[in-house]
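Enquirer: Build the 3D model from these lines:
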Amino acid sequence: AKVLTAVSKAGLLTKLERSGLLSKLEEQGALSTVEKLLPLADDYRVISLTKAVVNTPPSTLYFGAFALALAEAGIIAAVPDDSAALVAAQVLSVLVVGALA
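Expert: Purely as a prediction, here's the structure:
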């Protein structure tokens, strides 16, 4: 609710409409494509998950990111660098955790 209030007070939707960006997106069919994907997003609960994340206190998100970073450091320390496959596993874990954090 805080995000929507901030968006409303800033007049972002009005500015977006006045910029002509929405018209250009509609001309290119992008909005129709997004509209077709909405049921799929609803099936996978993307919207409710996004809402939950947006409403999560920042301290909780910081703690989660810190915990992921510590876990990643543990993985890197625990997995030996003996072979290319293990180094690749370390790199893959860094990429996954980096994307999550």
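
Enquirer: From now on I want contacts and neighbour counts done on CA atoms only, so please keep to that.
Expert: Fine.

Enquirer: what about residue 61, distance to residue 53?
Expert: 9 Å (Cα to Cα, to the nearest Å).

Enquirer: now do residue 47
Expert: Counting by Cα to Cα - residue 47 and residue 53 are separated by 10 Å.

Enquirer: How about residue 12?
Expert: Distance, residue 12 to residue 53, using Cα to Cα: 21 Å.

Enquirer: contacting residues for residue 100?
Expert: By Cα atoms under 8 Å, 6 or more residues apart in numbering, the residues touching residue 100 are residue 65.

Enquirer: Now with 10 Å, please.
Expert: Residue 100 makes contact with 64, 65, 68, 94 under the criterion Cα atoms under 10 Å, 6 or more residues apart in numbering.

Enquirer: Over to residue 44?
Expert: Shown in contact with residue 44 (Cα under 10 Å, 6+ apart): residue 38.

Enquirer: do the same with residue 96
Expert: Taking Cα under 10 Å, 6+ apart as the definition, contacts of residue 96 comprise 72, 90.

Enquirer: quick one: buried residues of the helix or strand that contains it?
Expert: In the assignment (DSSP states H and E), residue 96 maps to helix 84-100. Residues 89, 90, 94 are the ones in helix 84-100 that count as buried (16 or more other Cα atoms under 10 Å).

Enquirer: distance of the last one from residue 60?
Expert: It stands for residue 94. 21 Å.

Enquirer: between the contacts of residue 100, which is closest to residue 16?
Expert: residue 65 (32.2 Å; Cα to Cα).

Enquirer: For that closest one, the count of nearby residues, please.
Expert: Around residue 65 there are 16 other residues, counting by other Cα atoms under 10 Å.

Enquirer: The one 10 residues further on now?
Expert: Look at residue 75: counted by other Cα under 10 Å, it has 15 neighbours.
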